[in-house]
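S.K.: got a structure for you, letters missing:
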């Protein structure tokens, strides 16, 4: 069964690095007009804290997102969702939607952002999956299938290694639901292309259209 991306992911395409500098006591607030029957909200679904390789605590990261005017976020530390409980409590105070999330992927290859997976989901060798079955590390197909069966939503993050067989397989199986067109930390590297005045992944458009994926722009905030 194909898992469809929720509407807020499809609509939330505002990047934190594209917003103006803020005063600490003046959070940005957006007032976008509705799109048909849908309300437009802003979100960032690729964020790191000190629980992996980020520089801010969970509370400070949520407060920062609030300052940028986000309505919905996910903390996506590498291979773990330990920040979720604190992030959810802080988000509730501020009136923000906070999703469970973590980042994982194939060893030294594709990175994936996972949303909505239950806290008790056991993922082996997170961010270090094997590309072939029979290896000592967890096989990526088995791990992606387990995530899908648990109700997880998967975004192909910053497709810097191109569109290889693992992601083709996952897209055809309906195991990934979104792809990052742009990521706030890759700059001019990681195989981005300069287009329309910025560096991003224009080839991701064709891949996303071919496989019916939601288009996402995230910050991948670390610093």
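M.R.: Nice, thanks for sending it over. Treat the numbers as computed from the prediction; the structure is a model and nothing was measured. Residues are numbered from 1 along each chain as shown.

S.K.: residue ranges for the helices of the protein, please.
M.R.: 7-11, 58-67, 84-94, 140-149, 165-172, 203-211 (DSSP state H).

S.K.: name the helices or strands packed onto the second one?
M.R.: In other words, helix 58-67. With contacts taken as 3 or more Cβ pairs under 8 Å, 6 or more residues apart in numbering; DSSP states H and E, helix 58-67 sits against strand 43-47, strand 72-75, helix 84-94. C-beta: built from backbone N, CA, C; applies to glycine.

S.K.: What are the buried residues along the longest one?
M.R.: Neighbour-count burial for helix 84-94, with 16 or more other Cβ atoms under 10 Å as criterion, is recorded at 84, 86-88, 90-91.

S.K.: Also the first one?
M.R.: Neighbour counts over strand 43-47 (16+ other Cβ under 10 Å) mark 43-47 as buried.

S.K.: Does anything pack onto that strand? Which helices or strands?
M.R.: Under the contact criterion of 3+ Cβ pairs under 8 Å, 6+ apart, the helices and strands touching strand 43-47 comprise helix 7-11, helix 58-67, strand 72-75, strand 111-115, strand 153-157, strand 214-218.

S.K.: What mean pLDDT does that strand get?
M.R.: What strand 43-47 shows for mean pLDDT is 96.

S.K.: From the chain's centroid, how far away is that strand?
M.R.: 6 Å (Cα atoms, centre = their mean, to the nearest Å).

S.K.: List the contacts of it.
M.R.: Taking Cβ atoms under 8 Å, 6 or more residues apart in numbering as the criterion, the residues outside strand 43-47 that touch it are 8-9, 12, 14-16, 54, 61, 65, 68, 70-76, 97, 99, 101, 103, 113, 115, 155, 157, 180, 183, 216, 218-221.

S.K.: By mean pLDDT, which helix or strand of the chain comes out lowest?
M.R.: Scoring the helices and strands of the chain by mean pLDDT, DSSP states H and E places helix 7-11 at the bottom, with a mean of 41.

S.K.: Give me the distance between the most far-flung residue of the chain relative to its centre and residue 146.
M.R.: Of all residues in the chain, the one whose C-alpha sits farthest from the chain's mean C-alpha position, using Cα atoms, centre = their mean, is residue 134 at 28.9 Å. Using Cβ to Cβ, to the nearest Å, one obtains 18 Å as the distance from residue 134 to residue 146.

S.K.: Residue 30 too?
M.R.: Note on residue 30: its distance to residue 146, by Cβ to Cβ, is 36 Å.

S.K.: Many thanks, have a good one.
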